[in-house]
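Visitor: Need coordinates for the following:
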Amino acid sequence: FCSDTIVAFVKMQADILHEITPACPVTTNLRALRHRFDHFDLASVIDFVSIESTSAIKPKSAELACEIDMLRSLKKTDVRSPDGDTGFWVMEQKAGNVTWQEVNSLIRPGILRLFTYQLISRGATAVLFFRWRQPRIGSEKFHGAVLPHHLRQDARIYKEVAQIGDELKLLAPVLKGSRVEPEVCILYSHDNDWALQQPNQPNQHFSLREHIQLIYNALHDKNIPVDFARPSDDLARYRLVFAPSLHLLSAGEADRLKLYVQNGGTLIGTCNTGLVDEHHIAPDTGYPHNLTDLFGMEVLEFDALPPGEENHLTFKGSFPTSHLHSARLWCDLVEPKDCQVLATYSKDFYAGRAAMTLHPFGLGKAIYVGTVSQQNFYNDLVGWLRQLCNLHPLLKVPENIEVSLRQSDDTKIFFLLNHQNTPVRIQLLGSNPAMMAANAAHVARLNPHGIDLNFGCPVPKVTRKGGGAALPWKTELFRGIVASVVREAARYDV
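Guide: Numbers count the residues shown, from 1 in each chain. Presented below is the predicted three-dimensional model:
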């Protein structure tokens with residue numbers, strides 16, 4: 001009721017504005033899952049999504065990326081923005097520190113630029129900084145701003161924002177009309193989240209948001225782009241869909257998931273799924289509700305574990321394990337029907353009982369993970385799923401380098417964001433002097449500490465194309481590439 005009332009109130013205002021100023025798009029500022037209304041419903045009654053960025057107070061790349069992807073995913077169609085693009089706007093990017101935390105530290109040099117590019121790389125088409133100038137009175141007189149009280153143009157934040165502006169003048173023509181197109185999706189619904197916040201849950205220490213973040217972190221670490229969607233949405237565009245803890249699941253949503261897998265998709269379900277329907281009624285046909293045939297098994301019981309107490313997983317077959325993986329907070333006791341058992345519990349009275357299963361269904365696969373584990377498990381899970389679903393990371397890069405991709409019909413724009421305090425060298429791979437020179441010029445404009453030409457890679461798929469270790473034997477071509485790259489890089493003192 002509260003959510004519907006808020007959405008109706010925003011729609012009423014939007015309708016009035018559309019009537020008075022029909023040419024002007026309407027929006028309102030959103031933060032990811034911060035307020036108790038259905039963000040998908042609200043996004044449907046405005047013309048485009050605009051967001052408030054929290055990078056100034058929470059500079060953790062995976063958590064921020066997750067929130068950005070959540071907000072971008074709220075409105076995938078019927079977008080009408082002021083610039084005519086299909087992305088979202090950042091209506092409030094904090095230009096410095098805030099004033100309402102216990103400790104309001106300064107934003108370190110380069111952080112504002114770094115996370116502004118993170119927003120752009122994940123679909124933002126406009127970024128507005130808050131504030132333009134620090135107010136001299138009021139409760140936010142020490143809030144960060146583009147210009148400080150003294151209005152000096154050599155102020156640190158002003159110079160950083162000016163640098164961003166100069167760089168975006170170069171990027172804007174290429175970014176125009178580009179979009180983010182993930183092949184992986186995580187399902188989320190507000191009704192389910194609210195159901196899990198009701199009292200008398202099996203485990204009050206279980207957090208859906210933390211569960212989602214574990215999955216997202218593993219995908220983010222492999223630089224695999226992610227969308228979010230509701231279980232009722234059309235999922236046909238995705239190769240891989242995660243459905244974490246859909247505690248509340250309607251029959252219609254269950255049918256959507258079956259249709260997705262039937263048509264060739266790969267679905268990952270988890271514990272705490274299908275325990276009630278949309279009326280909060282527990283099923284008498286077995287857990288997970290309306291999905292026992294999809295997963296080829298039934299959950300007979302579920303054991304809630306307090307923090308600090310763990311079971312452990314024993315794996316079968318080809319599933320890769322880099323660590324000893326725990327089972328914590330929630331353990332489903334699974335009875336296999338016609339599914340393959342991938343892992344079992346190693347102790348307690350349900351030692352040897354299935355904890356993770358795989359079931360072919362139609363043209364696709366349904367995988368069930370009946371517990372919550374630590375981050376290392378989800379890293380291994382995503383590594384295994386990459387091979388199973390033929391998913392590839394955007395680029396091969398060193399650790400702590402975040403890669404994002406925006407693309408149009410004929411152009412791909414890669415963003416490489418360095419989240420560590422030390423510089424990294426960008427490596428160029430190729431065998432065409434003109435193309436290598438052009439790439440070097442693009443890279444040099446970013447003011448890198450160096451450019452690495454890879455003439456030693458022995459990988460067959462590289463050498464077959466005349467690159468890597470095959471190049472030094474072609475003396476004239478080798479010289480041509482080095483000369484052209486050095487010439488272009490020297491123009492920018494790289």
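
Visitor: quick one: low-confidence parts of this structure?
Guide: Counting by pLDDT under 70, the chain contains low-confidence ranges at 56, 58-59, 426-429, 446, 461-462.

Visitor: Now do the helices in it.
Guide: Along the chain, counting by DSSP state H, helices occupy 2-20, 39-43, 61-72, 111-121, 156-175, 190-196, 208-221, 251-262, 292-295, 375-389, 433-444, 460-463, 475-490.

Visitor: Let me have those helices in a markdown table, extended by distance to residue 98.
Guide: Any C-beta I mention is one placed from the backbone N, CA and C, and that applies to glycine too. Shown next, in a markdown table, are these (distance: least, C-beta to C-beta, whole Å):
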| stretch | distance to residue 98 |
| --- | --- |
| helix 2-20 | 25 |
| helix 39-43 | 23 |
| helix 61-72 | 15 |
| helix 111-121 | 13 |
| helix 156-175 | 13 |
| helix 190-196 | 26 |
| helix 208-221 | 22 |
| helix 251-262 | 38 |
| helix 292-295 | 45 |
| helix 375-389 | 29 |
| helix 433-444 | 34 |
| helix 460-463 | 47 |
| helix 475-490 | 40 |
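
Visitor: between those helices, which one is nearest to residue 368?
Guide: helix 292-295 (4.6 Å; C-beta to C-beta).

Visitor: Now residue 211: closest residue in space that isn't a chain neighbour?
Guide: Of all residues beyond its chain neighbours, the one nearest residue 211 is residue 244 (5.1 Å), with distances taken as C-beta to C-beta, 6 or more residues apart in numbering.

Visitor: In contact with the one you found: list those residues for me.
Guide: 186, 187, 208, 211, 212, 215, 270 (C-beta atoms under 8 Å, 6 or more residues apart in numbering).

Visitor: Pretty sure the fifth one sits against residue 66.
Guide: The reference is to residue 212. Yes. Counting by C-beta atoms under 8 Å, residue 212 does reach residue 66; the two are 7.4 Å apart.

Visitor: Compare these two (neighbour count), which wins?
Guide: Between residue 212 and residue 66, residue 66 has the larger neighbour count (other C-beta atoms under 10 Å), namely 24 against 21.

Visitor: Does the more buried one touch residue 214 like I think?
Guide: No. In this structure residue 66 lies outside contact range of residue 214 using C-beta under 8 Å: 10.6 Å.

Visitor: if we can go back for a sec, any idea how far residue 425 is from the residue nearest to residue 211?
Guide: As judged by C-beta to C-beta, to the nearest Å, residue 244 and residue 425 stand 37 Å apart.

Visitor: quick one on the thing from earlier: and the helices of the chain: which comes nearest residue 353?
Guide: helix 292-295 (15.1 Å).

Visitor: what's the closest one in contact with?
Guide: 254, 257-258, 261, 267, 269, 285-286, 288, 298, 337, 339, 357, 359, 361, 366, 368.

Visitor: Out of the residues you listed, which end up buried?
Guide: For those, a burial check counting by 16 or more other C-beta atoms under 10 Å picks out 254, 257-258, 261, 267, 269, 286, 288, 298, 339, 357, 359, 361, 366, 368.

Visitor: For the longest strand seen in the chain, list every residue counted as buried.
Guide: Identified as the longest strand of the chain according to DSSP state E is strand 326-336. Buried residues in strand 326-336, counted by 16+ other C-beta under 10 Å: 326, 327, 328, 329, 330, 331, 332, 333, 334, 336.

Visitor: The second one: what's it in contact with?
Guide: Applying C-beta under 8 Å, 6+ apart, one finds that residue 327 lies in contact with 305, 310, 311, 312, 313, 345, 355, 371, 372, 373.

Visitor: go on, the third one?
Guide: Residues in contact with residue 328 (C-beta under 8 Å, 6+ apart) are 305, 307, 309, 310, 311, 371, 372, 373, 374.

Visitor: let's see it at 6 Å
Guide: 305, 310, 372 (C-beta atoms under 6 Å, 6 or more residues apart in numbering).

Visitor: repeat for the fourth one
Guide: For residue 329, the contact set (C-beta under 6 Å, 6+ apart) comprises 203, 206, 305, 372.

Visitor: How about the contacts made by the first one?
Guide: Contact criterion C-beta under 6 Å, 6+ apart gives 304, 329, 330 as the residues in contact with residue 203.

Visitor: Would you check how far apart the residue nearest to it when sequence neighbours are not counted and residue 483 are?
Guide: Excluding the flanking residues, the one nearest residue 203 by C-beta to C-beta, 6+ apart is residue 304, at 3.8 Å. Separation of residue 304 from residue 483 (C-beta to C-beta): 67 Å.

Visitor: more neighbours, those two?
Guide: Comparing residue 304 with residue 483 by neighbour count (other C-beta under 10 Å), the higher total belongs to residue 304, at 15 against 12.

Visitor: CA atoms of the longest strand of the chain as CSV?
Guide: Output of strand 326-336 as CSV, limited to C-alpha atoms (Å, rounded to 0.1, in the frame of the first residue of the first chain):
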residue,chain,number,x,y,z
SER,A,326,31.8,-23.6,4.1
ALA,A,327,28.0,-23.9,4.4
ARG,A,328,26.7,-21.2,6.7
LEU,A,329,23.5,-19.4,7.9
TRP,A,330,21.2,-21.7,5.9
CYS,A,331,21.4,-25.4,4.9
ASP,A,332,18.7,-26.9,2.7
LEU,A,333,18.2,-30.7,3.1
VAL,A,334,17.8,-31.6,-0.6
GLU,A,335,16.2,-34.9,-1.8
PRO,A,336,17.4,-35.5,-5.4
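
Visitor: Perfect, that will be all.
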